[in-house]
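[1] I'd like to go over a predicted model; first the sequence, then the structure.
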Amino acid sequence: MAKVTTGLETLIAEPRKWLNGKRIGLLCNPASVDTHYQHAKNLLHNKFPGQLTALFSPQHGLFAEKQDNMIESDDFIDEELKIPVFSLYGKTRIPTPQMFEQIDVLIIDLLDVGTRVYTFTSTLSYCLEIAAKQNKKVIVLDRPNPVNGIQVEGNCLCLSVSSFVGRYPLPMRHGLTMGEYAAYINRTFNINCQLDIIPMTGWERQMYFQDTGLPWVLPSPNLPTPTSAMVYPGQVIWEGTNISEGRGTTLPFEQFGAPFINIDKILSFIKGPRIPGGVLRPVAFEPTSHKWAGQVCKGFQIHITDPYQFEPYLTSLHLLCAIIFHHKDQFQWKAPPYEYEWEKQPIDMIIGNDVIRRQIENLDNIQSIRKGWINELEEYRLSAKKFYLYK
């Protein structure tokens, strides 16, 4: 197995001399650890004594303790370091000038999961924008894209449905590391922040997280394993429906279902149970919270047999078509609000396009839907390649 060294470990081993004397802010969560599970805040505090003056937390909180969307975290004082912790998913999702007055440089060390709707990249983007306005520098400590850096998938976001789960016209599975993502949006969308990326060593684009030799610490409560991250670029669409995405169970996103689903009919529609790169195993589960809590749901667990053949987004859209075809009377789209949008359809924000929702409602062929985004996906791929940091 490869030995990947993260940006955090590189900075600690080879600290930037220009950081001496600077007041440092750190945007982090529980996954911000080194190979030995030591947290970034402690490593930075020890390496730059007295310089760490503020912590910042993304969605789900500093400890990733908040379970769901629109469950906010409060600001507080870190008990150990006696410094403020500013929530960027609380009273505000955009850093205030007052927050940044306490720092000279912001270090960002977050594990993204390679999916457009995962909100850490939106938090990153707002930090870059405010830092640019206040003439503050941002350092991104790079980490692997858990679902590799060669496969990109899906339609690019239409800006008419932009939101906190998608600010830029990127595809659902974007194929970038956090550092590459920061460089891409900073230049492409003219944010013009003073940006420094400390890259990894040993990471190669074809690697899934399991290939890195790094410890997995869940970046949010419902992505407990690398496998849950692998299915997430498709399975996240259930958040825009009345189908359980497995929250409230031990296999969030890996399994999905609802009380009304007919297993045999769904398998017949998709000609399953074998799908490209995976197998759909029929299951029954009873969520302890969230959708259908306390009720038995029938559905499937996705088992990935070949990750390079498995296409999570296309797979989940195909399953969505099957459920609508056989259960149109019981199936429902989720109504707003969703991620602080009170008018836009949640499914449109997640898919990133209201036309695709209508195509699915009309039961258009899934491959014909896919053809509609091939050109924009290729254009994105070519533009993103300019910001690749790794072979």
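    Looks like it came in fine.

[2] going forward, measure contacts between C-alpha atoms and count neighbours the same way
    Noted.

[3] contacting residues around the residue nearest to Gly90 when sequence neighbours are not counted?
    Closest residue in space to Gly90, ignoring its immediate chain neighbours: Glu72 at 4.5 Å, by C-alpha to C-alpha, 6 or more residues apart in numbering. Going by C-alpha atoms under 8 Å, 6 or more residues apart in numbering, Glu72 touches 59-61, 66, 89-91.

[4] same thing but 10 Å
    58-61, 66, 87-93 (C-alpha atoms under 10 Å, 6 or more residues apart in numbering).

[5] again with Val283
    Val283 is in contact with 255-257, 263, 297-301, counting by C-alpha under 10 Å, 6+ apart.

[6] quick check: the two most widely separated of those?
    Gln255 and Ile263 (13.1 Å; C-alpha to C-alpha).

[7] which neighbours do those two share?
    Residues touching both Gln255 and Ile263 (C-alpha under 10 Å, 6+ apart): 281-283, 298-300.

[8] just give me the closest of the residues you listed to Phe387.
    Proximity of the shared contacts of Gln255 and Ile263 to Phe387 (C-alpha to C-alpha) peaks at Phe300, which lies at 37.7 Å.

[9] which residues does that closest one form a beta bridge with?
    Phe256, Pro282 (DSSP bridges).

[10] so where is the stretch 151-300 of the chain shaky, pLDDT-wise?
    Of all residues in the stretch 151-300 of the chain, none has pLDDT under 70.

[11] look up how far Tyr184 lies from His318.
    Going from His318 to Tyr184 by C-alpha to C-alpha, to the nearest Å gives 31 Å.

[12] from the shared contacts of Gln255 and Ile263, which is closest to Val113?
    Taking those together and measuring to Val113 by C-alpha to C-alpha, the closest member is Phe300, at 22.4 Å.

[13] what residues are up against the closest one?
    254-258, 261, 263, 266-267, 273, 279-285.

[14] what subset of the residues you listed is buried?
    Burial by neighbour count, judged by 16 or more other C-alpha atoms under 10 Å, picks out 254-258, 261, 263, 266-267, 273, 279-280, 282, 284-285 from those.

[15] what about Pro146, neighbour count?
    25 (other C-alpha atoms under 10 Å).

[16] surely it meets Glu204?
    No. Judged on C-alpha atoms under 10 Å, Pro146 makes no contact with Glu204 at a distance of 11.5 Å.

[17] identify the contacts common to these two.
    Residues touching both Pro146 and Glu204 by C-alpha under 10 Å, 6+ apart: 211-212.

[18] flag every buried residue along the longest helix belonging to the chain.
    Secondary structure of the chain per DSSP state H: the longest helix is helix 312-327. Buried residues in helix 312-327, counted by 16+ other C-alpha under 10 Å: 312-325, 327.

[19] now the residue sitting nearest the centre point of the chain. Nearest residue, chain neighbours left out?
    Centroid-nearest residue in the chain: Tyr118, 2.8 Å away (criterion: C-alpha atoms, centre = their mean). Distances taken as C-alpha to C-alpha, 6+ apart place Val165 nearest to Tyr118, at 6.2 Å, with adjacent residues excluded.

[20] what is the neighbour count of that neighbour?
    Neighbour count of Val165, defined by other C-alpha under 10 Å: 24.

[21] what about it, distance to Ile130?
    Going from Val165 to Ile130 by C-alpha to C-alpha gives 19 Å.

[22] report the separation between the two terminal residues of stretch 281-293.
    21 Å.

[23] with stretch 363-379 instead?
    Termini of stretch 363-379 sit 27 Å apart (C-alpha to C-alpha).

[24] would you mind listing the buried residues in it?
    363, 366, 369, 373, 376-377.

[25] alright, I will stop here.
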